[in-house]
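[1] Quick one: sequence plus predicted model below, questions after.
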Amino acid sequence: MALGPRWAGALLTAVAVLWLGWPLARAGFAAVVRRRIEFPLLMVAAAVGAVALGSAAEAVALLALWHVAETIEARVRWRARAAARSLTVFRPATAHRRRPDGSEEEVPVAALRPGDRIVVAPGARVPADGRVCQGRSSLDMTVLTGESLPHAVAPSDRVWAGALNGPGELEIEVDRPGGQSLLDRIVAWMEATPRAPLRPWSARFFALYTPLVLLGAGVVGLVSLASVAPAIALRRALAWIVAGCPCALVVAGPLIRAATAAALARRGVAVRSGAALEALVDVRVVAFDKTGTLTRGRPEVVEVTATCAESAAEVLACAAALERHVVHPLAAALVDGARARAAALPAVEEVEAHPGLGVRGRVGGRPVWVGRRDWLTREGLEAENPATRCAHTTVWVGGECAHGRRVWGRICVTDRPRREAVTALRALRRLGIRRIELLTGDRPEAAQALAAALGNAVDAVHAGLDPLAKAAHIQRLAALGPVLFLGDGWNDAPALRAAHVGAAMGLRGADTAVAHADLVLLRDELTALPRAVRAARRARQLLRTALGLALAAKGAVLAWAAVGTPPLWAAVAADSGTTAAVTLLALLALRRP
């Protein structure tokens with residue numbers, strides 16, 4: 001016998017309620033086992049009550065809304081894990097191991113053991129952690145420290161897997177087995193470590209609201225038993241639960257947060273989730289990466305000093321003329337600096353690059369050296385100490401002059417702070433941020449110089465940190481209050497994950513940093529961060545107003561349900577009215593973040 005449309009609809013509704021409600025029921029009862037009453041239990045009770053009172057459609061809508069939110073969050077978690085695994089592309093799959101007879105063999109990185117010697121060709125990535133045995137070069141450590149300036153290495157210096165080798169060949173003695181490099185540990189840490197725990201205001205509200213509604217339903221049912229039949233008392237208790245879990249309360253948070261997120265997106269801030277927007281309100285500690293975050297991410301010439309008879313302009317012109325023939329971040333900075341000062345670059349010949357040391361050649365027929373001061377000294381050039389000390393990366397220039405081989409002068413290169421950095425930091429202070437810190441993998445001198453350039457707007461500077469050390473420091477900062485970390489590089493992903501709120505510079509930020517961030521600054525400006533904090537706080541105010549209206553309207557229905565079963569029109573009016581009010585408040589958030 002075929003089922004009629006009514007029975008078919010009832011069967012489909014029952015299947016939908018069971019399928020959608022099972023995950024909530026499991027979560028709710030698991031919380032009860034832990035002696036906690038949480039919002040999923042209220043939603044299950046409300047869905048059961050709605051079905052019992054003949055409002056199955058409301059039950060399905062309530063459960064479907066929760067499933068949509070969970071699906072979006074699961075998708076975000078999957079993308080974050082995939083981005084973490086993508087870091088392994090910076091570690092080669094194979095390495096060239098030196099045999100005892102001096103020949104080389106290509107082996108999987110997993111086969112490397114401490115004590116093995118590997119050869120890294122120019123332009124190749126280092127496959128394992130270790131120390132340099134032979135050779136000199138410069139390493140691009142961007143993936144590990146986020147610093148754009150190269151790191152010169154020589155015998156006995158430490159190197160890490162994932163670093164990009166410069167112009168010189170290196171022989172490295174491995175000191176960590178394959179698969180246990182710093183880069184591997186970073187990936188494992190990001191996949192295994194949960195986000196920092198932070199209960200948003202709405203979660204704290206429902207943690208109190210849920211047991212009160214369930215307790216109230218029990219009281220209503222027990223009191224009603226004294227005057228009415230058990231079936232009517234049960235119906236009143238179910239009506240109390242259904243009235244206590246209205247659409248307005250469920251949609252208020254998502255609707256207002258979605259509207260705020262949309263408004264922020266128009267002004268250059270992407271918010272990954274409503275929970276991130278709520279967590280942003282409670283942040284009291286902010287930590288910044290240095291390169292590309294507080295700075296522009298491009299090395300520039302900031303000072304040229306002549307210590308011999310040559311002029312500062314000639315010192316820069318000769319250095320740029322030689323460095324123009326070298327592929328190197330500092331070389332590009334010197335050439336750009338000379339062009340910005342309209343310096344004419346002389347002709348050069350016999351250019352020789354010395355990896356990790358500098359470059360030598362003939363300029364106007366005279367031999368000229370550009371590079372590290374100790375290298376120039378070993379080449380027999382006498383040096384005079386400048387009158388002032390340079391805290392930035394320094395390039396020394398020297399050559400033949402009337403007084404013999406002398407150091408002509410120095411060129412200071414740095415990554416300048418962003419123009420809006422001080423304005424953004426002061427805005428955060430006005431918003432009640434108690435502590436601001438700078439975390440970087442760069443040298444202490446460079447970090448302190450940046451802090452001084454920012455007018456000492458930061459409370460503490462921590463330099464020389466690898467990615468896991470950054471994350472560990474973020475976890476320690478949590479003792480002072482909820483922490484926000486802003487970074488832009490691959491190396492910042494662990495710190496972004498360790499923070500209560502992770503924010504990334506999206507315009508030039510690395511994919512992994514963006515994937516692990518809760519906020520992404522779509523425009524290349526720091527002032528978007530305090531703007532997002534202000535918007536999040538306004539969203540919370542609107543949310544509290546919405547919940548106040550919903551509770552006031554529903555309070556009347558709950559009081560009615562305590563003494564009898566309210567008519568359908570009263571429940572609908574209260575529910576629709578508060579939902580409409582919530583929608584209007586969301587429109588306010590949409591107009592102005």
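    Structure received. Note that the structure is a prediction, hence the values are computed from the model and not measured.

[2] next helix or strand past the host helix or strand of L208?
    L208 belongs to helix 201-224 when assigned by DSSP states H and E. Next helix or strand after helix 201-224 toward the C-terminus (DSSP H and E): helix 230-244.

[3] so what does that following helix touch, helix or strand wise?
    helix 39-52, helix 201-224, helix 528-563, helix 568-591 (3 or more CB pairs under 8 Å, 6 or more residues apart in numbering; DSSP states H and E). Any C-beta I mention is one placed from the backbone N, CA and C, and that applies to glycine too.

[4] The longest one vs helix 201-224, what angle?
    The reference is to helix 528-563. With axes from the mean of the first three to the mean of the last three CA atoms, to 10 degrees applied, the angle from helix 528-563 to helix 201-224 works out at 0 degrees.

[5] the inter-axis angle of helix 528-563 versus helix 230-244?
    160 degrees.

[6] ok, and for helix 528-563, which residues are buried?
    528-533, 535-540, 542-543, 545-547, 549-551, 553-554, 557-558, 560-562 (16 or more other CB atoms under 10 Å).

[7] cool, and the second one?
    Neighbour counts over helix 201-224 (16+ other CB under 10 Å) mark 201-202, 205-206, 209-210, 213-214, 216-217, 220-221, 224 as buried.

[8] mind listing the strands for the stretch 51-200 of the chain?
    Secondary structure of the stretch 51-200 of the chain by DSSP state E, counting those that start in this stretch: the strands cover 94-98, 104-108, 117-120, 130-134, 137-140, 151-153, 158-159, 164-165, 170-174.

[9] which strands and helices sit next to the first one?
    Using 3+ CB pairs under 8 Å, 6+ apart as the contact definition, the elements that strand 94-98 packs against are strand 104-108, strand 117-120.

[10] Compare the ones you listed and give me the one nearest A421.
    strand 117-120 (36.7 Å; CB to CB).

[11] Quick one: list the elements packing against that closest one.
    By 3+ CB pairs under 8 Å, 6+ apart, strand 117-120 packs against strand 94-98, strand 170-174.

[12] quick one: low-confidence ranges for the stretch 101-250 of the chain?
    142-149, 185-203, 242-250 (pLDDT under 70).

[13] before we move on, what about the stretch 351-500 of the chain?
    Ranges of the stretch 351-500 of the chain meeting pLDDT under 70: 386-389, 391, 490.

[14] Which parts of it are helices?
    Taking DSSP state H, counting those that start in this stretch as the test, the helices found in the stretch 351-500 of the chain are 373-378, 421-430, 444-453, 467-477, 493-498.

[15] any chance of the ones you listed in a markdown table, plus distance to A275 and mean neighbour count?
    As requested, the helices of the stretch 351-500 of the chain are exported to a markdown table (distance: least, CB to CB, whole Å; neighbours: other CB atoms under 10 Å):
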| stretch | distance to A275 | mean neighbour count |
| --- | --- | --- |
| helix 373-378 | 52 | 16 |
| helix 421-430 | 21 | 17 |
| helix 444-453 | 32 | 18 |
| helix 467-477 | 18 | 20 |
| helix 493-498 | 15 | 28 |
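
[16] how about the nearest residue to D282 once chain neighbours are set aside, what does it touch?
    Spatial nearest neighbour of D282, chain neighbours left out: P482 (4.6 Å); criterion: CB to CB, 6 or more residues apart in numbering. P482 makes contact with 198, 279, 282-285, 500-501 under the criterion CB atoms under 8 Å, 6 or more residues apart in numbering.

[17] Let me know the closest of those to G365.
    V285 (59.2 Å).

[18] Wait, V271 touches A517, no?
    No - with contacts counted by CB atoms under 8 Å, V271 stays clear of A517, the gap being 10.0 Å.

[19] A402 versus the residue lying closest to L234 once chain neighbours are set aside, what's the distance?
    Distances taken as CB to CB, 6+ apart place G221 nearest to L234, at 6.2 Å, with adjacent residues excluded. To A402, G221 is 104 Å away according to CB to CB, to the nearest Å.

[20] sorry, back to before: among the helices and strands packed on strand 94-98, which is the most enclosed?
    Using mean count of other CB atoms under 10 Å, the stretch among these with the largest mean neighbour count is strand 117-120, at a mean of 21.

[21] send the alpha carbons of that strand over as PDB?
    C-alpha atoms of strand 117-120 as PDB (Å, rounded to 0.1, in the frame of the first residue of the first chain):
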ATOM      1  CA  ARG A 117      78.000  14.700   4.300                       C
ATOM      2  CA  ILE A 118      75.900  16.300   1.500                       C
ATOM      3  CA  VAL A 119      76.700  18.700  -1.300                       C
ATOM      4  CA  VAL A 120      74.400  21.600  -2.100                       C
END
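
[22] hmm, who's touching that strand?
    95-98, 104, 112, 126-128, 130, 133, 165, 169-174.

[23] Kindly report the same for stretch 521-537.
    260, 263-265, 267-271, 277-278, 280-281, 283, 286, 293-294, 418, 420-421, 423-424, 427-428, 430-431, 486, 503-508, 519, 593.

[24] Could I have the CA atoms of that stretch written out in PDB?
    Output of stretch 521-537 as PDB, limited to C-alpha atoms (Å, rounded to 0.1, in the frame of the first residue of the first chain):
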ATOM      1  CA  LEU A 521      44.500  42.400   5.600                       C
ATOM      2  CA  LEU A 522      43.700  42.600   2.000                       C
ATOM      3  CA  ARG A 523      45.300  46.000   1.500                       C
ATOM      4  CA  ASP A 524      48.900  46.700   2.200                       C
ATOM      5  CA  GLU A 525      48.200  48.900   5.300                       C
ATOM      6  CA  LEU A 526      48.500  48.200   9.000                       C
ATOM      7  CA  THR A 527      45.700  50.700   9.900                       C
ATOM      8  CA  ALA A 528      43.200  48.000   8.800                       C
ATOM      9  CA  LEU A 529      44.000  46.100  12.000                       C
ATOM     10  CA  PRO A 530      42.700  48.600  14.500                       C
ATOM     11  CA  ARG A 531      39.800  49.200  12.100                       C
ATOM     12  CA  ALA A 532      38.900  45.500  12.500                       C
ATOM     13  CA  VAL A 533      39.100  45.600  16.300                       C
ATOM     14  CA  ARG A 534      36.700  48.600  16.400                       C
ATOM     15  CA  ALA A 535      34.300  46.800  14.000                       C
ATOM     16  CA  ALA A 536      34.400  43.600  16.100                       C
ATOM     17  CA  ARG A 537      33.600  45.600  19.300                       C
END
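
[25] Are any of the contacts of strand 117-120 buried, and if so which?
    Looks like these have 95-98, 112, 126-128, 130, 165, 170-174 buried, using 16+ other CB under 10 Å.

[26] Quickly name whichever of these is closest to L334.
    Checking the buried ones among the contacts of strand 117-120 one by one against L334 (CB to CB), the nearest turns out to be N165, at 21.6 Å.
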